[in-house]
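Novice: Have a look at this fold, sequence not included:
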């Protein structure tokens, strides 16, 4: 099973925007770790926007 390039690009852009991490740092993360950071960041954004 492969992971879609467009999905990886979305995750990279999201983490780079919110955490100001570099491309190499983000791509060095394990897939599960990268997804966990995306989910946690999204939860923080939602909470800040009053959606939770």
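Specialist: Okay, I see it. Note that the coordinates shown come from a computational prediction; the quantities given were computed from them, not determined experimentally. Numbers count the residues shown, from 1 in each chain.
Novice: Excluding chain neighbours, give the residue nearest to residue 23 in space.
Specialist: Excluding its sequence neighbours, the residue lying closest to residue 23 (Cβ to Cβ, 6 or more residues apart in numbering) is residue 12, at 6.4 Å. Backbone N, C-alpha and C define where each C-beta goes, glycine included.
Novice: typo on my end, residue 18
Specialist: Spatial nearest neighbour of residue 18, excluding adjacent residues (Cβ to Cβ, 6+ apart): residue 41 at 4.7 Å.
Novice: Next up, identify which helix or strand that neighbour is on.
Specialist: Assigned by DSSP states H and E, residue 41 belongs to helix 31-48.
Novice: what's next to that helix, contact-wise?
Specialist: 3, 11, 14, 15, 18, 19, 26, 29, 52 (Cβ atoms under 8 Å, 6 or more residues apart in numbering).
Novice: dump the residue contacts of the second one.
Specialist: Meaning residue 11. Applying Cβ under 8 Å, 6+ apart, the residues near residue 11 are 26, 34, 35, 38.
Novice: Sketch out the low-pLDDT regions of the protein for me.
Specialist: For the chain, the stretches flagged by pLDDT under 70 are 1-2, 52.
Novice: what residue is smack in the middle of the chain?
Specialist: The geometric centre of the chain, computed from its C-alpha atoms, lies nearest to residue 38 (Cα atoms, centre = their mean), at 3.2 Å.
Novice: All set, thanks.
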